[in-house]
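In: Could you look at this predicted model? Sequence included:
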Amino acid sequence: MKLTTNQIFDFNKHEDDSYESEIDYLNNKFSKKGISVDEIIKKLGSFNVAIPSWALGAGGTRFGRFSYGGEPSSLEQKLDDIGILNSLTKTAGAVSLHIPWDIPSDVNAIKEKAESHRILFDAMNSNTFQDQPHLEHTYKFGSLNSVHKNAREQAVEHNKEVIRIGKELGSKSLTVWLADGANFPGQLNFQTALQNTEDSLKKIYSDLPEDWRMFIEYKPYEPNFYSTTIQDWGTSFMLANACGEKAMTLVDLGHHLPNTNIEQIVATLMLKGKLGGFHFNDSKYGDDDLTVGSIKPYSLFLIFNELVYGMENNSQNPDLAWMIDASHNTKDPLEDLIQSLEAILIAYAQALLVDRKALYEAQQESDVVKCQELLQDAYRTDVRSLLKAARKETNAAINPLEAYRSFKVRKQLIEERGTSSRASGL
Ligand code: LRH
Ligand code: MN
Ligand code: MN
């Protein structure tokens, strides 16, 4: 199924337009501080986040998986789902594919399908954390870090193959996340594992086209519970530096130990021009992959505060690749993604409202109270009217979640695809 511009237009006609007076209020309040609400609306309208192909089906845990019905069972259908999200929000104009979960059988047909929904191919994800039926060597004890040369070579080859597929699709980046590590002390020689990883990454990097980037994702634990070879941003940063200019660190919000100051990591990486990409999600305990902004919205705001500062001040850091990396068991996956997109834009809008000039002055005077007040003044502003205005201007649905429900999208998807279709992925 596909949502048409006319359907969205008709939906918007019946929406309450009282948000416009809220914008007048915000305009009044913030123009006095030299902050243009119109500029913010423009920035929100042009913000785009890639949707991971594995978030379109119901996720699961090792204890079970509960299907939602109407799940996409092919890459084409996944693109159709993202098309729906993009028509509703105009913020989801890209997909991030995972190979081999999403190997296109007919590249041209996939490209055509993506074009018909105006979807671009964002970062390609390689997968050396699972064995595949046709593979000769197992990744049970590691891939790029393996003590077995054959497994390392196979994993390097796989990443090169992902680059080849990505080139055909028009992608410009590769994300490498490794599960490599150890479950028990003594299992691995840490130094050899790190050195093998570096050498393998350099081999992959040598195949990277000039206009591509390679993102190195870190994670402290899971599936290995004693050590992970690329465990933190420092290790990723070090490896990216060893590879070269086109290699950068990717921050996944769920890949930190509790209470890690992620916003400070963002600031450090942007200062050094090495923040490449972002995986948005939220968590209470570990890599929970919950809906963005559902647990710690203030942290998300503080992270965006650093991202906005970096985007305005760090020309040494290239444009960031934004992606959602969330999936779970109990919500309609498309509704969940709409909520995540909303939370991202809210945090972004609030960060754009920070009075940076006043903050700079308060910092120079070490006025700690004022500094906090300035950040919280932005955070406590209800910016949802700005999102609505941005959506109206881009011909998206003013209220995407309501529109999704009023169009009965899930019901139609279930009618088309059945209740037992199964999306590939986690
Ligand atoms: C690992 C991860 C990584 C994978 C995805 C499926 O936890 O965040 O980005 O590619 O999940
Ligand atoms: Mn991730
Ligand atoms: Mn993860």
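Out: Sure thing, it's come through. Numbers count the residues shown, from 1 in each chain. Ligands and ions are numbered 1, 2, ... in the order given.
In: shaky segments in the stretch 101-250 of the chain?
Out: Low-confidence segments of the stretch 101-250 of the chain (pLDDT under 70): none present.
In: quick one, strands of it?
Out: Along the stretch 101-250 of the chain, the segments classed as strands by DSSP state E, counting those that start in this stretch run 120-121, 124-125, 173-177, 181-182, 213-217, 227-228, 247-252.
In: Which strands or helices does the first one pack on?
Out: Contacts of strand 120-121 with other secondary structure elements, assessed using 3 or more C-beta pairs under 8 Å, 6 or more residues apart in numbering; DSSP states H and E, are made with strand 94-96. Yep, even glycine has a C-beta here, placed from its N, CA and C like the rest.
In: hmm, back to that, can you put the strands of the stretch 101-250 of the chain in a markdown table and add mean neighbour count?
Out: Converted to a markdown table, those look like this (neighbours: other C-beta atoms under 10 Å):
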| stretch | mean neighbour count |
| --- | --- |
| strand 120-121 | 18 |
| strand 124-125 | 25 |
| strand 173-177 | 25 |
| strand 181-182 | 22 |
| strand 213-217 | 24 |
| strand 227-228 | 20 |
| strand 247-252 | 26 |
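In: got the residues of the protein near ligand 1?
Out: Residues of the chain found near ligand 1 (C-beta under 6 Å from any ligand atom) are 54, 125, 177, 217, 219, 252, 279, 287, 325, 426.
In: count of residues packed around the residue lying closest to residue 230 once chain neighbours are set aside?
Out: The spatial neighbour of residue 230 that comes closest, neighbours along the chain excluded (C-beta to C-beta, 6 or more residues apart in numbering), is residue 218 at 4.8 Å. Look at residue 218: counted by other C-beta atoms under 10 Å, it has 24 neighbours.
In: Tell me which residues touch residue 218, please.
Out: By C-beta atoms under 8 Å, 6 or more residues apart in numbering, the residues touching residue 218 are 228, 230, 231, 232, 233, 235, 236, 249, 250, 252, 255.
In: And the residues you listed, which is closest to ligand 1?
Out: The nearest member of those to ligand 1, counting by C-beta to the nearest ligand atom, is residue 252 at 4.8 Å.
In: sorry, back to before: and the residue nearest to residue 230, its phi and psi?
Out: Dihedral angles of residue 218 (phi, psi; degrees, to the nearest 10) stand at phi -110, psi 160.
In: what do you get for residue 127?
Out: The phi/psi pair for residue 127 (degrees, to the nearest 10) reads phi -140, psi 100.
In: and it, how many residues sit next to it?
Out: As a burial measure, residue 127 scores 20 neighbours (other C-beta under 10 Å).
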